[in-house]
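>>> Fold the stuff below for me.
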Amino acid sequence: MNPTLLIVDDEKHTREGLRSSLEESFEVYVASDIQGALHILEGDHVDLVLTDLRLGGDDGMRLIDKVLALPHPPIVIMMTAYGSVDAAVEAMKRGAYDFVTKPINIDKLEILIQRALRSRKTEEEVVALRKVVENRFGLERIIGESAAMQEVFETIKQVAPTRATVLIQGESGTGKELAAQAIHALSGRPKPKFVAVHCAALSAQLLESELFGHEKGAFTGAFERRIGRFEQANGGTVFLDEIGEIDSTTQVKLLRVLGEERTFERVGGNTPIRADVRLVAATNKDLAKMVSEGKFRDDLFFRLSVVPITMPPLRSRKEDIPMMVRSFLKTFSDENRKALTELTTDAMQALLRYEWPGNVRELRTAIEHGVVMASGHKVTLRDLPTAVRQAAALPAPVSNPGLTAETKFDLHRNQHQLIEQALQETGGNITKAAQRLGISRRTLHRKLHEIRPGSTPPLTQPAPGHVDGK
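Numbers count the residues shown, from 1 in each chain. Here you go, the predicted model:
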């Protein structure tokens, strides 16, 4: 589709002549005055306005001001009689792209229009690229192309520009803090003002002081006034990690911060302090269950979870592992000055089979371990941590699409399937698998010897400090 051009001139001969000369290259609209031009601009998309400086009894400068005040203003080129160059320069100061003098040379005018349109396209591409860069800055550290992660990314991009409180839930190591940082980075709030507080690391009194500050003499050891994290982050974002660990008193104070007034008081003070702060919280606990058990305030839970985000465990999105491995491999290869380019096939298969109880954090550590231990140009299976290597030694998970009448009550067969499943889910950890099965480590060793004769010798003595059981 050709670019659209609006010609505004009170002389019919001029505007129709320009229309005739330019309509082969452009979709051309014409208007004789400001009112007619604005009517067209309100109803149709226009890429460029070509307007005369004098429009009968009106001034083309006024049209320029109105055009450039539109939400998505078109390019403006001014036409002026010879000798009115000063006025044309003034038009450019107001935002016009350029000017042409009458009588108009059509070839030169068309070249000017094409140059102006190319310039606008370049500007739009730069803006689009800047948005992409900003988005990558916010989300680049969270790696994944799986459907589960795409849903997380979309929610982050949707909620980031708002003031809504966000509750990020998920197991340890799934990247909850990275998600919080992405929300802040895409929010438009000042980048330095992302203040993280790990609630589980502080006692109740210290946490209250850390969040809200305290006055001099508020408690023993309070020798001077302290500014809390909410004041430090004014205009930015406060990230409260492990929000499920806060005590009832701090929960009440948080409610006030999240209320309509958004105020709090320093410990030992009575002056309300207002803070423009975006709150993002995270937890690996089930807050809804804690509410039902009376361990967490329901009103605070509802205010925290205006927009909930659940970070999926790594075991549920293993298709993202190869992408993460490439990123971590490059990071740690550069840090350790090694020329490692990839993993061997059996090493990658081991990573894909392992269940990753520590999630992305554990995978990152495993790749760092592999890079440090590698001696060639590839990370091999033997370079990976023991737990991952043990998972690789296990047989493939047993699929059980449905028990038949013959196998339904086959105790021996089903027992073996449960053992294999427990080992698979615990990454080959004998102690954890035994605990999951409700039997002793010694008993599990004996049963493994029955399943795989010769591969796992039965223990003659229980592990030190372990009592055998059934």
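>>> Tell me how far stretch 95-110 lies from the chain's centre.
Here stretch 95-110 is found 47 Å from its chain centre; the criterion is C-alpha atoms, centre = their mean, to the nearest Å.
>>> Also stretch 232-248?
19 Å.
>>> Where does residue 418 sit, in terms of helix or strand?
helix 411-425 (DSSP states H and E).
>>> Okay, buried residues for whichever helix or strand comes after that helix please.
Downstream of helix 411-425, the first helix or strand assigned by DSSP H and E is helix 430-437. Neighbour counts over helix 430-437 (16 or more other C-beta atoms under 10 Å) mark 430, 432, 433, 434, 436, 437 as buried. C-beta here means a position set from N, CA and C on the backbone, and glycine is covered the same way.
>>> which secondary structure elements does helix 430-437 contact?
helix 411-425, helix 441-451 (3 or more C-beta pairs under 8 Å, 6 or more residues apart in numbering; DSSP states H and E).
>>> contact partners of it?
Here helix 430-437 makes contact (C-beta atoms under 8 Å, 6 or more residues apart in numbering) with 418, 419, 422, 423, 425, 426, 440, 441, 443, 444, 445, 463.
>>> From residue 358, how far out is the third one?
Between residue 422 and residue 358 the computed distance is 18 Å (C-beta to C-beta, to the nearest Å).
>>> quick one: least confident helix or strand in this structure?
The helix or strand of the chain with the poorest confidence is helix 411-425; it has a mean of 68 (mean pLDDT, DSSP states H and E).
>>> how about residue 338, secondary structure?
coil (DSSP: H, G, I helix; E, B strand; the rest coil).
>>> contacting residues for it?
Going by C-beta under 8 Å, 6+ apart, residue 338 touches 371, 374.
>>> change the start of the numbering to 59 and stick with it
Yes, from this point I'll number from 59; that puts the last item at residue 396.
>>> Count the residues that sit near residue 122.
Counted with other C-beta atoms under 10 Å, the neighbours of residue 122 add up to 22.
>>> which SSE is it in?
helix 118-126.
>>> Could you list the buried residues of the next helix or strand after that helix?
Scanning forward in sequence from helix 118-126 by DSSP H and E, the next helix or strand is strand 133-139. Buried residues in strand 133-139, counted by 16+ other C-beta under 10 Å: 133, 134, 135, 136, 137, 138.
>>> Looking at those residues, which is nearest residue 222?
residue 133 (37.7 Å; C-beta to C-beta).
>>> got the contact list for the closest one?
105, 106, 107, 155, 174, 175, 177, 178.
>>> gap between it and residue 356?
For residue 133, the distance to residue 356 - C-beta to C-beta - is 56 Å.
>>> What of residue 396?
Note on residue 396: its distance to residue 356, by C-beta to C-beta, is 52 Å.
>>> swap in residue 307?
17 Å.
>>> One more: residue 380?
On the measure of C-beta to C-beta, residue 380 and residue 356 end up 42 Å apart.
>>> same thing with residue 390?
The value you get for residue 390 to residue 356, if C-beta to C-beta is used, is 44 Å.
>>> okay, those two: which has more neighbours?
Set side by side, residue 390 and residue 356 show more neighbours around residue 390, with 20 against 13, by other C-beta under 10 Å.
>>> Just after the helix or strand harbouring that one, pick out the following helix or strand.
Using DSSP H and E, residue 390 sits within helix 379-393. Reading on from helix 379-393 to the C-terminus, the next helix or strand found by DSSP H and E is strand 400-401.
>>> any idea of the mean pLDDT in that next one?
Average pLDDT, strand 400-401: 92.
>>> Which parts of this protein belong to which domain?
Using automatic domain parsing, the domain parsing of the chain gives 62-183, 205-370, 373-451.
>>> Shouldn't residue 203 be within a helix?
No. Using three-state DSSP, the secondary structure at residue 203 is coil, not a helix.
>>> From what I see, it and residue 378 are in contact.
Yes. Between residue 203 and residue 378 there is a contact under C-beta atoms under 8 Å: 6.4 Å.
>>> for the record, mean pLDDT for whatever helix or strand residue 312 lives in?
Following DSSP H and E, one finds residue 312 within helix 306-315. Helix 306-315 shows a mean pLDDT of 90.
>>> Point out where the stretch 359-508 of the chain drops to low pLDDT.
Along the stretch 359-508 of the chain, segments meeting pLDDT under 70 span 452-474, 496, 507-508.
>>> my bad, the stretch 209-358 of the chain
For the stretch 209-358 of the chain, applying pLDDT under 70 flags the ranges 248-249.
>>> could you pull out the strands for it?
All strands of the stretch 209-358 of the chain, identified by DSSP state E, counting those that start in this stretch, fall at 224-227, 252-256, 295-299, 321-322, 331-332, 336-341.
>>> so who does the residue lying closest to residue 449 once chain neighbours are set aside touch?
Leaving aside its chain neighbours, residue 449 sits nearest to residue 412 (4.2 Å; criterion: C-beta to C-beta, 6 or more residues apart in numbering). For residue 412, the contacting residues are 445, 446, 449, 450, 485, by C-beta under 8 Å, 6+ apart.
>>> one more time with 10 Å
372-373, 376, 379, 420-421, 424, 442-443, 445-450, 452, 482, 485-486 (C-beta atoms under 10 Å, 6 or more residues apart in numbering).
>>> do the same with residue 441
Contacts of residue 441 by C-beta under 10 Å, 6+ apart are 398, 401-402, 405, 424-425, 427-434, 447.
>>> how many other residues sit next to residue 214?
23.
>>> I'd say it and residue 234 touch.
No. Taking C-beta atoms under 10 Å as the definition, residue 214 is not a contact partner of residue 234, at 11.8 Å.
>>> Which neighbours do the two have in common?
By C-beta under 10 Å, 6+ apart, the residues touching both residue 214 and residue 234 are 226, 367.
>>> where's stretch 256-272 relative to the chain centroid, distance-wise?
So, by C-alpha atoms, centre = their mean, the centroid of stretch 256-272 is 27 Å from its chain's centroid.
>>> Could you do stretch 61-70 as well?
For stretch 61-70 - counting by C-alpha atoms, centre = their mean - the centre lies 46 Å from the chain centre.
>>> Give me the buried positions along it.
Within stretch 61-70, the residues that count as buried by 16+ other C-beta under 10 Å are 61, 62, 63, 64, 65, 66, 67, 68.
>>> out of everything not next to it in sequence, what's closest to the last one?
The shortest distance from residue 68 to any non-neighbouring residue, by C-beta to C-beta, 6+ apart, is to residue 114 (4.3 Å).
>>> right, and the one you found touches residue 93 too?
No. Look at residue 114 against residue 93 with C-beta under 10 Å: they stay out of range, at 11.2 Å.
>>> before we move on, the earlier item: and the strands of the stretch 209-358 of the chain as a markdown table, adding mean neighbour count?
A markdown table is the format used below for the strands of the stretch 209-358 of the chain (neighbours: other C-beta atoms under 10 Å):
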| stretch | mean neighbour count |
| --- | --- |
| strand 224-227 | 24 |
| strand 252-256 | 19 |
| strand 295-299 | 24 |
| strand 321-322 | 19 |
| strand 331-332 | 16 |
| strand 336-341 | 26 |
